[in-house]
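*Asks:* Need a 3D model of the sequence below.
(4 chains)
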2 protein chains.
Amino acid sequence: MPNKVILRNQVREHLLKQMQQGALDPGDRINLAALARILKVSVTPIREALTQLQQSHIVRAIPNCGFIIAEVNHEEAKNLYELVAHLEVLALEQSTFDEAAIEALKKQRTLIAETDEPLERVNGYMEFHRLLTANYNNSVVQQILKDLKSRVFFYEREFMSDDSFHYNSNEQHDAIIAAIEEDNLPSAALVLKMNWIFVQDYIEKQLFIL
Amino acid sequence: MPNKVILRNQVREHLLKQMQQGALDPGDRINLAALARILKVSVTPIREALTQLQQSHIVRAIPNCGFIIAEVNHEEAKNLYELVAHLEVLALEQSTFDEAAIEALKKQRTLIAETDEPLERVNGYMEFHRLLTANYNNSVVQQILKDLKSRVFFYEREFMSDDSFHYNSNEQHDAIIAAIEEDNLPSAALVLKMNWIFVQDYIEKQLFIL
DNA sequence: AAAATAATAATCGTATACGATTTATAACGT
DNA sequence: ACGTTATAAATCGTATACGATTATTATTTT
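*Replies:* Next up, the predicted model:
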């Protein structure tokens, strides 16, 4: 029974991966017939997957038009970042980090610094944050965080490409790692929150320019 | 276009209302054909609605068996209550309350005290908490809170029927209202958190007995 | 040439059909 | 009477069909 492959789940994962790989952009409409041909399934599991992603705030359903990747906007940015920051802080405060986990964080932080390809940077950044929170034993929070970040990803792709952003963010990541190494999670959580505020400010400034 | 009625949305609201009215219990399987006959629609929008509710942690999809209201369990209770408490505290801290809002809170607190019908009590309790957080201007958080509470509702129906629970909870509600009247939201948020901890402890004790 | 209108094509949301799987019932064996 | 096996019925998940709506293209008007 656990081995049974349910197509809507596969379609959902496919779509999420497409997003992560930068293959879907804000404004895109997801063409059901085309996707059905690509995936060699009918539109039924595609629609079921898309209505799930709609429920997760990842895509938007426009009646009689279909499912789109919504354009980025200021209000949504505020709503998303406020919540993601809060949930990450919650997760971090409830986490424990062994040597291996700290090593993984350091490795990921280095990875971010070593790449200058924008998509890789964003994915690296988000993976770093995932590592910060991965040990929090609350599957509901983890799923919600994962979904929210699938949407947040579009903001980060759009606005977080330049060097100065990543330079500043990397310093904050260093501070988080240092606090974790000292077993000072409240301090780590505070810097993490500051990092998200920094990101939110950075993105909101650019959304105002638009 | 905003007036177009999308059946899956209607089905989803119908199912949520059925839950709130106590018509669906943990362990129940949702029979697609029967529901299609009752609602006079095909199974397609029903499945789409149910896959959305699955994504919201409200129902569980069992491959080849269908969609069920999952039984209550200890781990899920911990996960849900931890998150709901945290999100409500966040929402309350970011809220503002005018006279009308405070009046509505008082009215609702009184309503809870005046009824001894279990379902009404639970719904009244949840409405009180909704009023506490309704002014927080973050649609993402509001939707997530709403969904989580649809699932939390099953725990509260099952375990929160006796007088002593509501007596203690009502005292905490009074303290929250008093703090809000004094414009002391951090204090109100602290009591709110204590209220959720109280609820969580209360329910976990009973889940251990099971 | 640009704007408005009409016609056509594409797509959406839902209904229905159908093979696969699970559940319920009947028959058989101990 | 209870347990096991076989059969039938019910249900699930997906594919396909189809009317309604939207988008695109063609034609007409200004």
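*Asks:* how does chain A divide into domains?
*Replies:* Taking automatic domain parsing as the criterion, chain A consists of the domains A:7-68, A:74-209.
*Asks:* Columns distance to DNA strand C and mean neighbour count on top of these, output as TSV?
*Replies:* No exception for glycine: its C-beta is placed from N, CA and C like everyone else's. Shown next, in TSV, are those (distance: least, C-beta to the nearest atom of the strand, whole Å; neighbours: other C-beta atoms under 10 Å in any protein chain shown):
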stretch	distance to DNA strand C	mean neighbour count
domain A:7-68	3	17
domain A:74-209	19	17
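*Asks:* excluding its backbone neighbours, what's nearest A:Cys173?
*Replies:* Not quite, residue A:173 is His, not Cys. Leaving aside its chain neighbours, A:His173 sits nearest to A:Arg109 (5.0 Å; criterion: C-beta to C-beta, 6 or more residues apart in numbering or on different chains).
*Asks:* Please apply the same query to A:His57.
*Replies:* Closest residue to A:His57 apart from its sequence neighbours, by C-beta to C-beta, 6+ apart: A:Arg151 at 5.4 Å.
*Asks:* And for A:Ala85?
*Replies:* Nearest residue to A:Ala85, sequence neighbours excluded (C-beta to C-beta, 6+ apart): A:Trp196, at 3.5 Å.
*Asks:* isn't there a strand covering that neighbour?
*Replies:* No. A:Trp196 is assigned helix when assessed by DSSP: H, G, I helix; E, B strand; the rest coil, not a strand.
*Asks:* Surely it touches A:Leu87?
*Replies:* No. If you go by C-beta atoms under 8 Å, A:Trp196 and A:Leu87 don't touch, sitting 10.1 Å apart.
*Asks:* what residues does chain A put near chain B?
*Replies:* With C-beta under 8 Å from any C-beta of the partner chain as the criterion, chain A meets chain B at residues A:1-2, A:4, A:6, A:8, A:44, A:47-49, A:51-52, A:54-57, A:61-64, A:76, A:78-80, A:82-83, A:86-87, A:90, A:138-141, A:143-144, A:148.
*Asks:* how about the residues of chain A that lie near DNA strand D?
*Replies:* A:5-8, A:41-45, A:48, A:63-65 (C-beta under 7 Å from any atom of the strand).
*Asks:* Which of those residues fall in helices?
*Replies:* Among the residues of chain A next to DNA strand D, the members found in helices (DSSP state H) are A:7-8, A:43-45, A:48.
*Asks:* Can you name the residues that contact A:Asp163?
*Replies:* A:Asp116 (C-beta atoms under 8 Å, 6 or more residues apart in numbering or on different chains).
*Asks:* do A:Arg29 as well
*Replies:* Neighbouring residues of A:Arg29 by C-beta under 8 Å, 6+ apart: A:65-68.
*Asks:* how about 10 Å then?
*Replies:* A:59, A:62, A:65-69 (C-beta atoms under 10 Å, 6 or more residues apart in numbering or on different chains).
*Asks:* And for A:Ala36?
*Replies:* Counting by C-beta under 10 Å, 6+ apart, A:Ala36 makes contact with A:11, A:42-47.
*Asks:* Spatially nearest residue to it (excluding sequence neighbours)?
*Replies:* Per C-beta to C-beta, 6+ apart, closest to A:Ala36 is A:Val43, 5.1 Å.
*Asks:* ok, that neighbour touching A:Phe67?
*Replies:* No. Using C-beta atoms under 10 Å, A:Val43 is not in contact with A:Phe67, being 11.3 Å away.
*Asks:* any common contacting residues for the two?
*Replies:* A:32, A:50.
*Asks:* Most widely separated two among the contacts of A:Arg29?
*Replies:* Greatest spacing in the contacts of A:Arg29, by C-beta to C-beta: A:Cys65 and A:Ile69 (12.9 Å).
*Asks:* Kindly provide the distance from A:Arg109 to A:Phe128.
*Replies:* Separation of A:Arg109 from A:Phe128 (C-beta to C-beta, to the nearest Å): 6 Å.
*Asks:* Overlap of the contact sets of the two?
*Replies:* Counting by C-beta under 10 Å, 6+ apart, the residues touching both A:Arg109 and A:Phe128 are A:169-170, A:173, A:176-177.
*Asks:* closest to A:Ile203 among the residues you listed?
*Replies:* A:Ser169 (12.1 Å).
*Asks:* And the helices in chain A?
*Replies:* A:7-20, A:32-39, A:43-55, A:74-93, A:99-114, A:118-133, A:139-159, A:163-181, A:185-209.
*Asks:* and the angle for the shortest one with helix A:43-55?
*Replies:* If I follow you right, that is helix A:32-39. Angle of helix A:32-39 versus helix A:43-55, following axes from the mean of the first three to the mean of the last three C-alpha atoms, to 10 degrees, is 110 degrees.
*Asks:* Helix A:32-39: how far from the chain's middle?
*Replies:* 25 Å (C-alpha atoms, centre = their mean, to the nearest Å).
*Asks:* Only the C-alpha atoms, please, for that helix, written as PDB.
*Replies:* C-alpha atoms of helix A:32-39 as PDB (Å, rounded to 0.1, in the frame of the first residue of the first chain):
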ATOM      1  CA  LEU A  32      -2.900  21.200 -18.700                       C
ATOM      2  CA  ALA A  33      -2.900  19.600 -22.100                       C
ATOM      3  CA  ALA A  34       0.700  20.300 -22.800                       C
ATOM      4  CA  LEU A  35       1.800  19.000 -19.400                       C
ATOM      5  CA  ALA A  36      -0.400  15.900 -19.800                       C
ATOM      6  CA  ARG A  37       1.500  15.100 -23.100                       C
ATOM      7  CA  ILE A  38       4.900  15.700 -21.500                       C
ATOM      8  CA  LEU A  39       4.100  13.500 -18.400                       C
END
